[in-house]
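*Asks:* curious how this folds, go ahead:
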Amino acid sequence: MKTNHAKVNDAVLAFLRVELERRYDCANIKRFKQFKDIDPETVAEFREFALRRVYPEGQARTEIDMAFCALQELLRSPRKIASLGKVALSAVWSLGRRLPMAVSAGQQVIQAFSCASAVETRLSQGVIAKGIPWKSGLKTDDMKSVFAELPAELFEELVAALVHLLELAGNRDTMQTGLGLLEKIAAIMDASDQWTASDRQGVSMAMDTLTEALSLFSHIDDRDVPRFVKGIEMVETDWYQTLRGDK
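*Replies:* Next comes the predicted model:
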């Protein structure tokens, strides 16, 4: 009987969502000193952000897949990029030295999602190759063997992308600048019929993600941001190393 790869991927995504909720519950985060005196509600808000933007499910997942594919195509198209020439010049003039960081913030949204998708794909392939039962939900003990056979670099890249996105998000000036740049691009798109609905949706999705990330850090004192981000890195690293049997 032919395996339904899409349904296996859905099962892997469901597993990853459950694992994310588990590692950011109160009992687990208390193990990490970086979260001392950090409001548990802030950690919960990060968990919801990751569920929506890194591990979305159902229709939301389909929409984000399509939106970010369109955004990547836009960035690779010389013709479309040339059409944004005016907004690029305007951005260089108005945003100045903050422009590279603003562009980086937008790119990091795509990078974090792409790394998460790569992990999901490799885990799905492992589940199929090992013949692990998945129709009733994947079990942590079964998945340990799949994690163990994948290169650690795959998970390291995901953690690095997520940490980099959070570091940028913690810099309010950078995030607001990034949003300003995306708003300028969105305005150019709305004024011309050469842009497809997918092009607009890609930019809109990136704007929504940056807005949510900015909101997340609005509840954290600037002095606590590095410690909070380090805590996220520690939790993520502890999670995949435990499943891989590295510790």
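
*Asks:* quick one: Leu210 and Ile110, what's the gap?
*Replies:* Here Leu210 is placed at a distance of 12 Å from Ile110 (Cβ to Cβ, to the nearest Å). C-beta coordinates here come from the backbone N, C-alpha and C atoms, glycine included.

*Asks:* between the two, point out the one with more neighbours.
*Replies:* Between Leu210 and Ile110, counted using other Cβ atoms under 10 Å, Leu210 has the larger neighbour count: 25 against 21.

*Asks:* surely that one is in contact with Glu183?
*Replies:* No. Contact criterion Cβ atoms under 8 Å: Leu210 and Glu183 do not qualify, at 10.4 Å.

*Asks:* what segments of the chain are helices?
*Replies:* 5-23, 26-29, 40-53, 58-76, 78-83, 85-95, 99-130, 140-149, 152-169, 172-190, 197-217, 225-244 (DSSP state H).

*Asks:* among the ones you listed, which gets the worst mean confidence?
*Replies:* Lowest mean pLDDT of those: helix 85-95, a mean of 51.

*Asks:* burial of Phe32, as a residue count?
*Replies:* 17.

*Asks:* got the buried residues for stretch 12-26?
*Replies:* Residues of stretch 12-26 classed as buried: 12-13, 15-17, 19-20, 23-24 (neighbour count, 16 or more other Cβ atoms under 10 Å).

*Asks:* outside of that stretch, which residues touch it?
*Replies:* 28-29, 40, 43-44, 46-47, 50-51, 55, 57, 61, 119-120, 123-124, 127, 134, 137-138, 140, 143, 235-236, 238-239 (Cβ atoms under 8 Å, 6 or more residues apart in numbering).
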